[in-house]
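In: sequence first, then the predicted structure:
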Number of protein chains: 4
Amino acid sequence: MAGNTFGRLFRMTTFGESHGIGIGVVLDGVPPYLPLSEADIQFDLDRRRPGTSHIVTPRKESDTVEIISGVFEGQTTGTPLALFIRNTNQKSKDYSNIKDVFRPGHADFTYSEKYGIRDYRGGGRSSGRETAARVAAGAVAKKLLESHNIHILAHTKSVSNITATTFNESEIEKNPVRCADPAKAKEMISAIEAAKKEGDSLGGVIEAVIRGCPVGLGDPVFDKLDALLAAAIMSIGTIKGIEFGEGFAITKMKGSESNDEFFNDGGIIKTRTNHSGGILGGISSGEDIILRAAIKPPSSISKFQKTVSKSKKPTEIQVTGRHDPCICPRVVPVIEAMIAVTLADCLLVQKSVVVTGESEEKTP
Amino acid sequence: MAGNTFGRLFRMTTFGESHGIGIGVVLDGVPPYLPLSEADIQFDLDRRRPGTSHIVTPRKESDTVEIISGVFEGQTTGTPLALFIRNTNQKSKDYSNIKDVFRPGHADFTYSEKYGIRDYRGGGRSSGRETAARVAAGAVAKKLLESHNIHILAHTKSVSNITATTFNESEIEKNPVRCADPAKAKEMISAIEAAKKEGDSLGGVIEAVIRGCPVGLGDPVFDKLDALLAAAIMSIGTIKGIEFGEGFAITKMKGSESNDEFFNDGGIIKTRTNHSGGILGGISSGEDIILRAAIKPPSSISKFQKTVSKSKKPTEIQVTGRHDPCICPRVVPVIEAMIAVTLADCLLVQKSVVVTGESEEKTP
Amino acid sequence: MAGNTFGRLFRMTTFGESHGIGIGVVLDGVPPYLPLSEADIQFDLDRRRPGTSHIVTPRKESDTVEIISGVFEGQTTGTPLALFIRNTNQKSKDYSNIKDVFRPGHADFTYSEKYGIRDYRGGGRSSGRETAARVAAGAVAKKLLESHNIHILAHTKSVSNITATTFNESEIEKNPVRCADPAKAKEMISAIEAAKKEGDSLGGVIEAVIRGCPVGLGDPVFDKLDALLAAAIMSIGTIKGIEFGEGFAITKMKGSESNDEFFNDGGIIKTRTNHSGGILGGISSGEDIILRAAIKPPSSISKFQKTVSKSKKPTEIQVTGRHDPCICPRVVPVIEAMIAVTLADCLLVQKSVVVTGESEEKTP
Amino acid sequence: MAGNTFGRLFRMTTFGESHGIGIGVVLDGVPPYLPLSEADIQFDLDRRRPGTSHIVTPRKESDTVEIISGVFEGQTTGTPLALFIRNTNQKSKDYSNIKDVFRPGHADFTYSEKYGIRDYRGGGRSSGRETAARVAAGAVAKKLLESHNIHILAHTKSVSNITATTFNESEIEKNPVRCADPAKAKEMISAIEAAKKEGDSLGGVIEAVIRGCPVGLGDPVFDKLDALLAAAIMSIGTIKGIEFGEGFAITKMKGSESNDEFFNDGGIIKTRTNHSGGILGGISSGEDIILRAAIKPPSSISKFQKTVSKSKKPTEIQVTGRHDPCICPRVVPVIEAMIAVTLADCLLVQKSVVVTGESEEKTP
């Protein structure tokens, strides 16, 4: 297995299990001089951590990050940044009910088959807890991007069949479901409460907007910006689909409708519409980049489900514990983080594109 | 730019422009002993090439592949395979109308901004012609996969708002739109003909099914099988979204509905449903892998569109030439190819996972 | 900077500074089922750590390793292994003499120029302390290799102009200079003591032998086994040259002398001589792999040296502190570690080479 | 096998066999605007090609390069550059003598064991002919480097036991052995002629000097400039050792002798000596980079040698054909090429290091 590193020049390598000593990340390629403190990283970790509202898991994890290397006198030095989040909530609880039984919707079965061995305590490496490392890395990437005026914003667009119809950015962090439509947020919360009461769970759609991205990020043909972002976001365990701009709806449009016409907006070339979602030919166009991800209902539910044991015997399982009835609000910062790391990487790669200096005249 | 290589152990590197000398691919990591001839590759190239029906571009390209290296006495040798497809249809036509004007929906603007220079003849490197190299590479990957009993099948699921409702696999290659529902295929063809007459274009959805994939392919956490497939497919220029299993529809299900229960099917662990689309925790589960991609309407339309020139002056453009009114049937083999290359890579990587031999007992 | 990861399938990523919190490594791609405890790793760390004899630095570091992730119930699980060695000897000493002055032979100047900022405490990331992480990773690689009967042995071949003339393997770990010739070891030790007294330092040559390596490791044309080993070993800060088999001496031989003739040794194809050092065309031949590395005299000496300050003013520097008068004995386990990690990687890559099964008849 | 790609941002992927259709290379990451024609590349190819003097093989190959993609109107476009050199001298000669017999010193045995199959015509992929692709790629890299005032020069330092004692740069290309000492060149030529007459071959040492390299190239800790250069050069088939600066001789110096003292040379920090060979801590120091490589005597000799057949039977072999009695003069441009590609890559990577702009003050 060699899949725990992401990125080309801005590279993150993560490690750790849900019930081991902790979760960590090594970030290689962080440019020097970036002012960085643990507080910068803690902010997003706090948005992701459990126990912050009644519609997420009541599990308590402080998720306190420690910078282990790469920062000297408050600034990055260009050497690898190592971040570590110690696990504090690993109870020596009884795992006998899941040790030899495959939980439906989880990776228990596939890990067992792939590796022949698995850390069954709370999912081990396959646990969503692994995303804490991504969020920590993303916070560093965001600092780099913000110094280039690139900003990332994600929010819960829908939960089950309830979809936000207004967009008020300042509302997002005010409600526990992270929805930009406060009225729909209330409905979403009620639906989540109801599912929780039933021992069931709900999915939803998260939308992200990237503002200020310069033209030119993304590298044809396989490292297209949308391809890299798709890989980044699909690598989050809970996601079953991703779309850019109009996404699947564009399949019902005509070319004359879906093409975005260019115009001169005070000396800057812009498009009148943004059906493409800010990416043309795999390269950022300077428009807002817009994407949406499909979040599945959490697999851990307390309803009884049929399954089999390792010895292939039929059995039933009730996944007890403190689970998220809807993971959307906690995935919002994870998606932001994966976008941030991807864009930081593309930004560094793009620095290497025009270096000959023979003629640097771009579109005048 | 360093984005023209795809894969980890089974790696393809492509090159070439639509109106240059030709299109090619170097495939590194192809195992030895694979019987391979140009005919094996030509089959899929013929499915992709233009001019094969009245609903695709009437442009003529023979797309004849030549094996330049890596095959000796009819078998691969483990050395890099180089495949080349000479361009034969590059007319010295007049490009003055697109040389200094940005075609809406195309990569003209973003390439100009990224590189400051672009080969404007028919899109150059950003042309869909680049996918011929992918199809050639995919044909080699398919041979490797077929020797492992893994089979890939893609088909047009919808065009505009017409969706196939039946699935008859044997019908797919019998109609020019590559739809498994012959009645809907007729409707799709009529819709495409109508769009063509208007000088417009249509999009659609392509679905792919992978059968026979063993349990265990894909590598947590960033090289999840769905993440790699998403990157592979999103890197095809025309695609705006991808989903696995239930995809976006899963966001409206409850966990108790979307979880796939395991059962013992004659000694093999299977799931009764397949909402996950054959991937659990980023690792293939042994069920059919199912995905769908959103294809946008082709950007090249003969209707007049507003745009700007390189000097930012407003202008109009009519993209003349022989374009595809709907690219779905020609994208079908491209999606198959990208899936094949991705799976071949995962298959080779998986060979390295269990090597210690200390205890190879898997789930019994 | 993106240079802190080494390997393709068996990948190590290191982090940490000499006077920060600690030094660590993430090892991705370690196969599952490998029995592993901290004691397995500590053994080689103890061979590398300072303070073990009077001819190395008397600095005290316990170099105690902690396994942070990747091991469950005493076995690796296929998930990333994280190892951490806490620094315990960082005194809040006065660095004012080196903060703004470039020590000759050190990386102070080049780090300052490359990054514009540097952690001047004891060299920071450029310190040899970084190699502790390599040794930890190497210990894991060695366990994997030993389960395949591959064994690595390094020893001090020469110090200054004193060269071992006999080879008695069992003597190596019995003398503090790690020399296989006990008589010459005594001379080496005397020479080192004399240099130490003068405030000076000595270099030497380390030789390594790899036994039991199967035929077939290494990948033409750029990932030749000798190319990968050269990169691995040259990446150790103190090394100025590497050679394989006869090395530079081969340039004075004739082809009829340097070619190794093949013969049938009881059914196994062997060579009568081993001038090539066990590698032919970049691929292991089954013979012992033999290489030698040139170790420079440590740059930290207490003699006064001329240099300049950051503000380019001429000055003198005396590098005080507890330095190694000859680093050879402590580099021996570092070279072994880099060889081990490289071979483990090649071993995993080789698993992917023959997978088609069409015809697996090798040389009969 | 996945070893046919070299580099991180400036990446070359080569393909082709000695007796196949041709040899080629795809160069990804070449910055746009580089003026490039086939003549630019042909110059170095002509230095490498056979048949140019009586002390190299009299084989005739025109080695004419064709640019297949990546250049538009005389300039690179940022898209992948593909270069192809058609083989013209593949005679349908009789290979029966080497088909089933392992030539001593060659890769026949190791390829057979690794892949189970090999293209036995003239060595196939393992032939030195493969380096033509490297030279072509190197010529492109040199153009990029020269636009940054970085120049690479290699020359034959010794042949057998004859070593150049003077250095007159302008003499190098004037004698067929590419030696900077015209008197010693004559001796070298005589020695090569004598070896040729005996059906034997000679080795030698090639030295390279890189001038104008800015401070800061190379990336700690594994991508040190000397580590990358070592891998690059050791990947050339014929090389058995590499050393930087004083190299192996430094092992006999004291630290007080080998350290290079810094001084202020008219506002620029320089070193009075250059024992380190222009690299400190793996990063270029601004001094000339100096390295030497050990070239083995060519393995193809017409003297009878003992060996075994594929069926392990003892036999004798006389490698007939037109071989190089000393490969040094033809390796000179190959070493230059590998250095050029490595430095071009480091140059692009370095562009990404300082991007935050928070404080770009370097050592004042």
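Out: Received the coordinates, thanks. Numbers count the residues shown, from 1 in each chain, chains lettered A, B, ... in the order given.
In: what about stretch A:235-248, average pLDDT?
Out: Mean pLDDT, computed over stretch A:235-248, is 98.
In: the residue in the stretch 151-300 of chain A positioned nearest to chain D: neighbour count?
Out: At 7.3 Å from chain D, A:P220 is the closest residue in the stretch 151-300 of chain A, using C-beta to the nearest C-beta. In short, each C-beta sits where N, CA and C put it, glycine included. When neighbours are counted by other C-beta atoms under 10 Å in any protein chain shown, A:P220 registers 27.
In: leaving out the residues flanking it, which one is nearest to it?
Out: Of all residues not flanking A:P220 in the chain, A:G282 sits nearest, at 5.3 Å (C-beta to C-beta, 6 or more residues apart in numbering or on different chains).
In: would you confirm that the one you found contacts A:V221?
Out: Yes - contact criterion C-beta atoms under 8 Å: A:G282 and A:V221 qualify, at 7.2 Å.
In: give the residues shared as contacts by these two.
Out: B:S235, B:G237 (C-beta atoms under 8 Å, 6 or more residues apart in numbering or on different chains).
In: rewinding a little: got the contact list for the residue of the stretch 151-300 of chain A closest to chain D?
Out: A:P220 is in contact with A:G281, A:G282, A:I283, B:M1, B:G3, B:N4, B:A107, B:Y111, B:R125, B:S126, D:T79, counting by C-beta under 8 Å, 6+ apart.
In: run the last query once more with 10 Å
Out: A:227, A:281-283, B:1, B:3-4, B:107, B:110-111, B:114-115, B:125-126, B:130, B:235, B:237, D:78-80 (C-beta atoms under 10 Å, 6 or more residues apart in numbering or on different chains).
In: cross the residues you listed against helices and list the overlap.
Out: Those of these mapping onto helices are A:A227, B:T110, B:Y111, B:K114, B:Y115, per DSSP state H.
In: so the residue of the stretch 1-150 of chain A found nearest chain D is in which element?
Out: Closest residue of the stretch 1-150 of chain A to chain D, C-beta to the nearest C-beta: A:Y33 (4.1 Å). For A:Y33, there is no host helix or strand (DSSP states H and E).
In: and the gap between it and B:K143?
Out: As defined by C-beta to C-beta, to the nearest Å, A:Y33 lies at a distance of 51 Å from B:K143.
In: between the two, tell me which one has more neighbours.
Out: A:Y33 (22 against 19).
In: go ahead and confirm that one touches A:E73.
Out: No - with contact defined as C-beta atoms under 10 Å, A:Y33 does not reach A:E73; the gap is 11.0 Å.
In: filter the ones in helices among the contacts of A:P220 down to the ones near chain D?
Out: Restricting the ones in helices among the contacts of A:P220 to those within reach of chain D (C-beta under 10 Å from any C-beta of the partner chain) leaves B:Y111, B:K114, B:Y115.
In: in ChimeraX, select just the buried ones from the residues you listed.
Out: Remark: buried members of these, expressed as a ChimeraX selection using 16 or more other C-beta atoms under 10 Å in any protein chain shown:
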select /B:111,114,115
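In: among the ones next to chain D among the ones in helices among the contacts of A:P220, which one lies nearest to chain A?
Out: When those are compared against chain A (criterion: C-beta to the nearest C-beta), the nearest one is B:K114, at 4.0 Å.
In: my read is that that closest one contacts A:G286, right?
Out: No - B:K114 is beyond contact range of A:G286, at 11.1 Å (criterion: C-beta under 10 Å).
In: overlap of the contact sets of the two?
Out: A:P214, A:V215, A:G216, A:L217.
In: top of the residues you listed by neighbour count?
Out: Counting neighbours by other C-beta under 10 Å, A:L217 comes out on top of the shared contacts of B:K114 and A:G286 with 26 neighbours.
In: the helix-or-strand element of chain A with minimal mean pLDDT - contacts with which helices or strands?
Out: Ranked by mean pLDDT, DSSP states H and E, the weakest helix or strand in chain A is helix A:96-99, scoring a mean of 78. Contact partners of helix A:96-99 among helices and strands, from 3 or more C-beta pairs under 10 Å, 6 or more residues apart in numbering or on different chains; DSSP states H and E: strand A:314-317.
In: C-terminal to the strand it packs on, what's the next element?
Out: Counting by DSSP H and E, what follows strand A:314-317 is helix A:328-351.
In: circling back to that earlier point, buried sites along the least confident helix or strand of chain A?
Out: A:I98.
In: just the C-alpha atoms of it, please, in PDB.
Out: Once non-C-alpha atoms are left out, helix A:96-99 reads as follows in PDB (Å, rounded to 0.1, in the frame of the first residue of the first chain):
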ATOM      1  CA  SER A  96     -16.100  -8.300  20.500                       C
ATOM      2  CA  ASN A  97     -19.300  -7.500  18.600                       C
ATOM      3  CA  ILE A  98     -17.500  -6.000  15.700                       C
ATOM      4  CA  LYS A  99     -14.200  -7.800  15.800                       C
END
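In: distance from that helix to the middle of the chain?
Out: Distance of helix A:96-99 from the chain centroid (C-alpha atoms, centre = their mean, to the nearest Å) equals 29 Å.
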